[in-house]
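S.K.: Would you be able to build a 3D model of this:
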Amino acid sequence: QVQLVESGGDLVQAGGSLRLSCVASGRTFSSYNMGWLRQAPGKEREFVAGIGWSGSTAYADSVKGRFTISRDNAKNTLYLQMNSLKSEDTGVYYCAARLFRGISTVPKDYTYWGQGTQVTVSS
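M.R.: Numbering: from 1, shown residues only. A predicted model of the protein is given here:
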């Protein structure tokens with residue numbers, strides 16, 4: 001089992017940047033395929049970015065070129081660098097983990113979840 005704790009959410013103006021962090025504890029972090037997902041008010045949770053245990057990455061079309069996902073296995077930490085933020089990026093951002101079958105863009109495929117961190121982008 002793995003426990004996930006996100007941080008870094010904040011209120012930021014459109015065009016600004018934020019870096020989210022997710023610290024993992026429990027079983028070997030490096031073995032997990034990790035993802036960032038978000039949920040806006042009144043909308044379903046959606047995939048934002050993922051990184052596999054091998055370092056491969058995947059992004060939602062809406063964030064390509066603006067967001068970068070990375071991981072530091074020595075620190076058991078997952079990151080999401082968010083640049084050129086837009087109002088539509090507003091939502092609760094969740095860190096999630098799954099052990100098998102690589103990166104998934106489907107929220108229900110993730111086994112472990114953090115509590116979420118709020119990102120609000122003002123226009």
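S.K.: ranges for the helices of the chain?
M.R.: In the chain, no segments count as helices under DSSP state H.
S.K.: so where's it uncertain?
M.R.: 27 (pLDDT under 70).
S.K.: how about 90 then?
M.R.: 1, 26-28, 99-101 (pLDDT under 90).
S.K.: how about the strands in it?
M.R.: Counting by DSSP state E, the segments of the chain that form strands are 2-7, 11-13, 18-26, 33-39, 46-51, 57-59, 67-72, 77-82, 91-98, 112-113, 117-122.
S.K.: how many other residues sit next to residue 48?
M.R.: When counting by other CB atoms under 10 Å, one arrives at 24 neighbours for residue 48. Bear in mind the C-beta positions are built from the backbone N, C-alpha and C, glycine included.
S.K.: pretty sure it contacts residue 40?
M.R.: No - Residue 48 lies out of contact with residue 40 (CB atoms under 8 Å); the separation is 11.3 Å.
S.K.: Relative to residue 106, which of the strands of the chain is closest?
M.R.: strand 46-51 (7.2 Å; CB to CB).
S.K.: for residue 18, what are its contacts?
M.R.: 8, 9, 10, 12, 82, 85, 119 (CB atoms under 8 Å, 6 or more residues apart in numbering).
S.K.: Reformat those residues as TSV; add distance to residue 98 and neighbour count.
M.R.: Formatted as TSV, the contacts of residue 18 follow (distance: CB to CB, whole Å; neighbours: other CB atoms under 10 Å):
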residue	distance to residue 98	neighbour count
8	22	16
9	22	16
10	27	14
12	29	17
82	22	26
85	27	22
119	22	22
